[in-house]
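*Asks:* Structure of the sequence below:
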Amino acid sequence: MVVSYHPVIPGDVNRLCAGREPDEQDRDWFRKARAVILPQGCSESLYRMAVRHCPRVFPNYRARFLYPGKIGDIRLFRALGFPHPQTSLFLSTAHCPESFLASLSYPAVFKGNHGGEGEQVFPVFSFQEARSCLRHFAQMERCGFPGFLVQQFIPTDGRDLRVVVIGHTIVSYWRVQDDPSHFWHNTSRGARIDPHRDPDLQAVGRRWVRHLCAKTGINLAGFDLLFPCQKGRAPAQLPLFLEINYFFGRKGLGGSMSYYALLQDAVSRWLAGH
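*Replies:* Numbering: from 1, shown residues only. Prediction:
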């Protein structure tokens, strides 16, 4: 019996756990199930209960909950030895002295531990801007969203590589920002999708992501990678991992219907043991 908590992927039994904690009924279904399908928005408590009582659970969110947030992404990259920009991690603004800000080489990139679509990502060009960022992160702390990181600014040619993993399927495409005054590569910030440019570099990025997934078991996520590029030079062949997105946009996959078709195929293959 397959128990699905995903609102789009059907199972023999279909349940929802949105807006509530898992209960004894959920526990009983997990014990009876041969496989469980969870939604992307599942809570840690639902995931923990599922893997405790059922031998097969999709997606594999072990890394997501062991290494939460953008801080967790960097800790995972460090633990596994994967290349990433030089990064300093702070659990709160109280742990970041002004002497650290004064010692930085600007520009730098400040990122909140939470949030998506570039909402908590800021290019910072001076000590004064850095102090302003800290005040913003202090406000986020007061709202219950602590933690931030300070990252080396990596020159690129206005793009990053998104690599999406859906089961055994891996799709890659560039997110290109044509406006040089805009730092962000998110499509919500005006970037465009380019699935064709530099296929050799895309293949390199996919290989690195496949390697990370083999080590972690991640089977549903979007990875953001940078290929450093100095002006007048070809991009480096070694990608830098920026972050892992367990929620990711679907525009580069052809929209929601295409995404759900890929997800259904991935779940079917997973259930069949392929």
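
*Asks:* which non-adjacent residue is nearest Phe148?
*Replies:* Spatial nearest neighbour of Phe148, chain neighbours left out: Phe137 (4.7 Å); criterion: Cβ to Cβ, 6 or more residues apart in numbering. Any C-beta I mention is one placed from the backbone N, CA and C, and that applies to glycine too.

*Asks:* got the contact list for the one you found?
*Replies:* Neighbouring residues of Phe137 by Cβ atoms under 8 Å, 6 or more residues apart in numbering: Thr93, Phe110, Gly112, Phe148.

*Asks:* I'd guessed the last one sits against Asn113; true?
*Replies:* Yes - in terms of Cβ atoms under 8 Å, Phe148 counts as a neighbour of Asn113; the distance is 5.8 Å.

*Asks:* got any residues that touch both of the two?
*Replies:* Gln120.

*Asks:* Between those two, which has more neighbouring residues?
*Replies:* A count of neighbours by other Cβ atoms under 10 Å puts Phe148 above the other of Phe148 and Asn113, at 30 against 22.

*Asks:* Show me what that one bridges to in the sheet.
*Replies:* Phe90, Gly112 (DSSP bridges).

*Asks:* OK, contacts around it?
*Replies:* Residues counted as contacts of Phe148 (Cβ under 8 Å, 6+ apart) are Phe90, Thr93, Cys96, Phe110, Lys111, Gly112, Asn113, Gln120, Cys133, Phe137, Met140.

*Asks:* And for the third one, nearest residue in space, chain neighbours not counted?
*Replies:* With sequence-adjacent residues excluded and distances taken as Cβ to Cβ, 6+ apart, Cys96 is closest to Phe90, at 4.7 Å.

*Asks:* what's the closest of the contacts of Phe137 to Asn60?
*Replies:* Using Cβ to Cβ, Gly112 comes nearest to Asn60 of the contacts of Phe137, at 25.9 Å.

*Asks:* Verify the stated contact: the closest one with Gln120.
*Replies:* Yes - if you go by Cβ under 8 Å, Gly112 and Gln120 touch, sitting 3.1 Å apart.

*Asks:* Neighbour count for the two, which is higher?
*Replies:* Using other Cβ under 10 Å as the criterion, Gly112 and Gln120 rank with Gly112 on top: 22 against 19.

*Asks:* in the stretch 51-200 of the chain, which spans are helices?
*Replies:* 62-66, 69-80, 98-103, 127-142, 199-216 (DSSP state H, counting those that start in this stretch).
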